[in-house]
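# below: sequence and its predicted model.
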Amino acid sequence: MPNLIAMSFEGDLSPSFELRCLQPGRPLPDGWGIGFYPGSEPAAAVIKEPAPPHGSERAAQVQAWEHVSSSVFLMQFRAARWGSISDANTQPFARTWGRRDWLFVHSGSLDQHLALAEGALFEPVGSTDTEAIFCELLTRVAARKWRSLRDVPAAELRGWLRDLNEIGVLTCALSDGDDLVVYADRRGTQPVFLWELLPPYQRIVFGDDDLQVDLTKRGVKSRKGVIAASSVLESETADPAKWRELAPGSLVAIRQGALVAELGAASTSAGVSTRPPVKPMPPPRPRDAPPRRLEIRHRTEYRYDNPVERSTHLLRLEPIHDRLQRVASYSLNVSVDAKWRDYDDVFGNRARRLIIDTPFSELVIESHALVVTVDTHPLDFRPLQYKTTTIPLHWLPFQRHMLAPYLLPPELPESQLIELYEYAMSFVERNGFDVVDSLLDMNQTIYRDYAYQKGSSTVYTTPFETYTNRKGVCQDFTNLFICLARLLVIPARYVCGYLYTGPKHENRAMAEATHAWAQVYLPELGWKGFDPTNGVLCQTDHVRVAVGRFHNDATPTSGTIYAGGGVETLTVAVTVEEDA
């Protein structure tokens, strides 16, 4: 039986907890308890039971009650050493500070009584060492006027816990409803194991002879999460090797199902996977990029079994010319005689309409462009007036009217939009409602957690399908990013263009033809590009060609055949090279 379990997810989940240890004929724990934050509110709910009977009604409640729903859960099974077996001495313990409830669980036992300072702001109700530790920690937090775990420097908190660890075994978890901190006993007497859960999955059930946790019993949600436990729990649906042991004396901070800090060297214990510490939040911001002069060649070739007698075509192949991207030269050649007209479409893209009355079985469209890109640092800005740092963004009526096409999410069932909204809000809450950090985190998470897999989707794949399947191509990742941004009332649009990868670039998803990414509009800053396929901001490697609400508005080539044709074969070749 694990003494301690702590879980954090990106959004609310409603797990089912089956306490098998309370079945008839089984040895009973001295107590058990679970704490969580219903509706992700700052108020905690605690269900606990000292000296539980066989067939406990409270245990049945946490197994069947759908309202045991939260993004953070703390659970503990007690083997009494300090204090009587009573509610006052049963974990989790809860205290209120900074207009929120804090929860604390502890696995292990101190060797001596912890004496609190006279006049301490928080005092124990019971007589356990765990509650004394909790009161000492909160007293230190309050003395420094920190009002949330986000305010507490992780290194300082680890220092406090290591000092307390000198007088006994201390493996513990602390949460304020937003953040979850887990500390592993420095001697390794009571270890901590982590499981970083990544979608997609259809069923997640794990546990041992005494406990079973079903994360999907009340419905599958594609939620990332981190699970910490004092022992490795066997999984019926996933590889148990995904558990890894924290090094003794390590501390991890988890927010909305993602590790945001890890202090301590990776463990080398046999049989359990390890990895180096993760970098702390906020997400890294881009460095300056050098200006580039890029030569782009784009060849599109159509072949038909039967001659096409009449057709029309719309081409958007000329790169955009503005202050961050200058077109030095551009040419377009079409292999079949046609009537044509150049114009600016409703989105400001340079377009060419072709009408072909000459029969053809092969059509070749070739464009050649020299483009100078100078968007060297997209986040080097200082807003003059509008507050652009936090979500929600506020728009004046005329702004909202002009931006309306870029604020409307795709038409999806309401239940899917609600789940996508909860997913989008997990980034916002993880980043303290900072708009840029939330967008950077979203961009980096799609790159890191979603698999780039050609042929895994179609032009009809929805953002929700990409979210649940966690795979796709640049178009899918862009559509998902746009949908999430718009659900947060951040205007976003689809961009089609070219990507320079260069011979020495690593970990860059290549596009055989054009590439796709998103732009979001921020007050007084304008349109800023995010490339979720590669997890980067768009700088001088990206060449914009066309923009629109969705991909149909920015397609490089499209057409309609009115007569003839038959089976079509399409071949596209793109080269992007740096021009000396």
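That came through fine. On a predicted model such as this, the values are computed, not experimentally measured, just so you know.
# okay, CA-based contacts and neighbour counts for the rest of this
OK.
# which residue sits farthest out from the middle of the protein?
Taking CA atoms, centre = their mean, the residue of the chain most remote from its mean C-alpha position is Thr358, at 51.8 Å.
# not counting its neighbours along the chain, what's nearest that residue?
Closest residue to Thr358 apart from its sequence neighbours, by CA to CA, 6 or more residues apart in numbering: Glu309 at 6.4 Å.
# what's the burial count for the one you found?
Taking other CA atoms under 10 Å as the neighbour definition, Glu309 ends up with a count of 16.
# can you check Asp163 too?
Residue neighbour count, defined by other CA under 10 Å, stands at 11 for Asp163.
# ok, residues contacting stretch 138-155?
Counting contacts by CA atoms under 8 Å, 6 or more residues apart in numbering, the residues outside stretch 138-155 that touch it are 97-99, 120-122, 175-176, 178-179, 251, 253, 261, 263.
# swap in 6 Å and give it another go.
In this structure, residues lying in contact with stretch 138-155 by CA atoms under 6 Å, 6 or more residues apart in numbering are 98, 121-122.
# which strands or helices does whichever strand or helix holds Ser331 pack on?
Taking DSSP states H and E as the criterion, Ser331 maps to strand 325-334. Judged by 3 or more CA pairs under 6 Å, 6 or more residues apart in numbering; DSSP states H and E, strand 325-334 is in contact with strand 360-373.
# check which helices and strands the strand it packs on sits against.
Using 3+ CA pairs under 6 Å, 6+ apart as the test, strand 360-373 ends up in contact with strand 292-315, strand 325-334.
# okay if I get those as a markdown table plus distance to Thr555 and mean pLDDT?
Shown next, in a markdown table, are the helices and strands packed on strand 360-373 (distance: least, CA to CA, whole Å; pLDDT from 0 to 100):
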| stretch | distance to Thr555 | mean pLDDT |
| --- | --- | --- |
| strand 292-315 | 8 | 95 |
| strand 325-334 | 16 | 97 |
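# of these, which approaches Asp12 most closely?
Of all these, strand 325-334 sits nearest to Asp12, with 43.0 Å by CA to CA.
# what stretches of the stretch 401-550 of the chain score poorly on pLDDT?
Applying pLDDT under 70 to the stretch 401-550 of the chain picks out residues 503-512.
# distance check, the nearest residue to Ser311 once chain neighbours are set aside against Asn534.
For Ser311, ignoring the flanking residues on the chain, the nearest one in space by CA to CA, 6+ apart is Ile561 at 4.4 Å. Counting by CA to CA, to the nearest Å, the gap from Ile561 to Asn534 is 36 Å.
# sec struct for Glu66, please.
Following DSSP: H, G, I helix; E, B strand; the rest coil, the label given to Glu66 is coil.
# which residues touch the residue nearest to Tyr330 when sequence neighbours are not counted?
Closest residue to Tyr330 apart from its sequence neighbours, by CA to CA, 6+ apart: Ala369 at 4.3 Å. By CA under 6 Å, 6+ apart, the contact set of Ala369 is 295-296, 329-330.
# cool, and Ala228?
Contacts of Ala228 (CA under 6 Å, 6+ apart): 5-6, 193-194.
# remind me, longest helix of this protein?
Looking only at the chain and at elements set by DSSP state H, the helix with the highest residue count is helix 414-430.
# picking that back up, the strand holding Ser331 to strand 292-315, inter-axis angle?
Going by axes from the mean of the first three to the mean of the last three CA atoms, to 10 degrees, strand 325-334 is angled at 40 degrees with respect to strand 292-315.
# the helix or strand following strand 325-334 pairs with which strands, parallel or anti?
The C-terminal neighbour of strand 325-334 among helices and strands, as given by DSSP H and E, is strand 339-344. Strand 339-344 has the following sheet partners, assigned by DSSP bridges: strand 350-356 (antiparallel).
# what's in contact with the partner strand?
Residues outside strand 350-356 that contact it (CA under 6 Å, 6+ apart): 310-316, 338-344.
# wait, is Lys221 part of a helix?
No: residue assignment for Lys221, taken from three-state DSSP, gives coil, which places it outside any helix.
# I'd like the numbering to begin with 15 instead of 1 from here.
Taking 15 as the first residue, the last one we looked at is Lys235.
# gap between it and His81?
From Lys235 to His81 the distance is 16 Å (CA to CA).
# comparing those two, which residue is more hemmed in?
For Lys235 versus His81, neighbours defined as other CA under 10 Å are more numerous around Lys235 (21 against 13).
# show me this structure divided up by domain.
Using automatic domain parsing, the domains assigned to the chain come out as 18-277, 306-388+571-592, 411-567.
# SS state for Asp567?
Going by three-state DSSP, the secondary structure assigned to Asp567 is helix.
# which strand or helix spans the residue nearest to it when sequence neighbours are not counted?
With CA to CA, 6+ apart as the measure, Val561 is the residue that lies nearest to Asp567, at 6.9 Å, once sequence neighbours are left out. Val561 is located in strand 556-562, with elements delineated by DSSP H and E.
# now the next helix or strand after that strand: buried residues?
Towards the C-terminus, the helix or strand next in line after strand 556-562, according to DSSP H and E, is strand 571-578. Within strand 571-578, the residues that qualify as buried are Gly578, counting by 16 or more other CA atoms under 10 Å.
# same question for stretch 155-168.
Applying 16+ other CA under 10 Å to stretch 155-168 flags 155-156, 160-164, 168 as buried.
# any idea how far Arg317 is from Val581?
In this structure, Val581 lies at 8 Å from Arg317, with CA to CA as the measure.
# now name the helix or strand holding the residue nearest the centre of the chain.
For the chain, the residue lying nearest the average C-alpha position, counting by CA atoms, centre = their mean, turns out to be Thr459 (4.5 Å). With elements delineated by DSSP H and E, Thr459 resides in helix 449-463, which encompasses its position.
# packing partners of the following helix or strand past that helix?
Using DSSP H and E, the next helix or strand after helix 449-463 towards the C-terminus is strand 465-466. Strand 465-466 makes packing contacts with strand 485-486 when contacts are defined by 3+ CA pairs under 6 Å, 6+ apart.
# helices of the chain, residue ranges please.
Using DSSP H, the helices of the chain run over residues 71-78, 143-157, 168-179, 411-417, 428-444, 449-463, 477-483, 488-501.
# could the contacts of stretch 152-169 be laid out in JSON lines, adding distance to Tyr435 and neighbour count?
Conversion of those to JSON lines gives the following (distance: CA to CA, whole Å; neighbours: other CA atoms under 10 Å):
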{"residue": "Gly112", "distance to Tyr435": "27", "neighbour count": "14"}
{"residue": "Leu135", "distance to Tyr435": "39", "neighbour count": "14"}
{"residue": "Phe136", "distance to Tyr435": "38", "neighbour count": "21"}
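# where is pLDDT lowest across those residues?
Model confidence across these bottoms out at Leu135, which has 91.
# how near is that residue to Tyr420?
When CA to CA is applied, the distance between Leu135 and Tyr420 equals 51 Å.
# now Glu323
Look at Glu323 and Tyr420: by CA to CA, they are 38 Å apart.
# Pro41 too?
On the measure of CA to CA, Pro41 and Tyr420 end up 60 Å apart.
# out of the two, which sits in the busier spot?
Each of Pro41 and Tyr420 has its neighbours counted (other CA under 10 Å); Tyr420 has more, 24 against 11.
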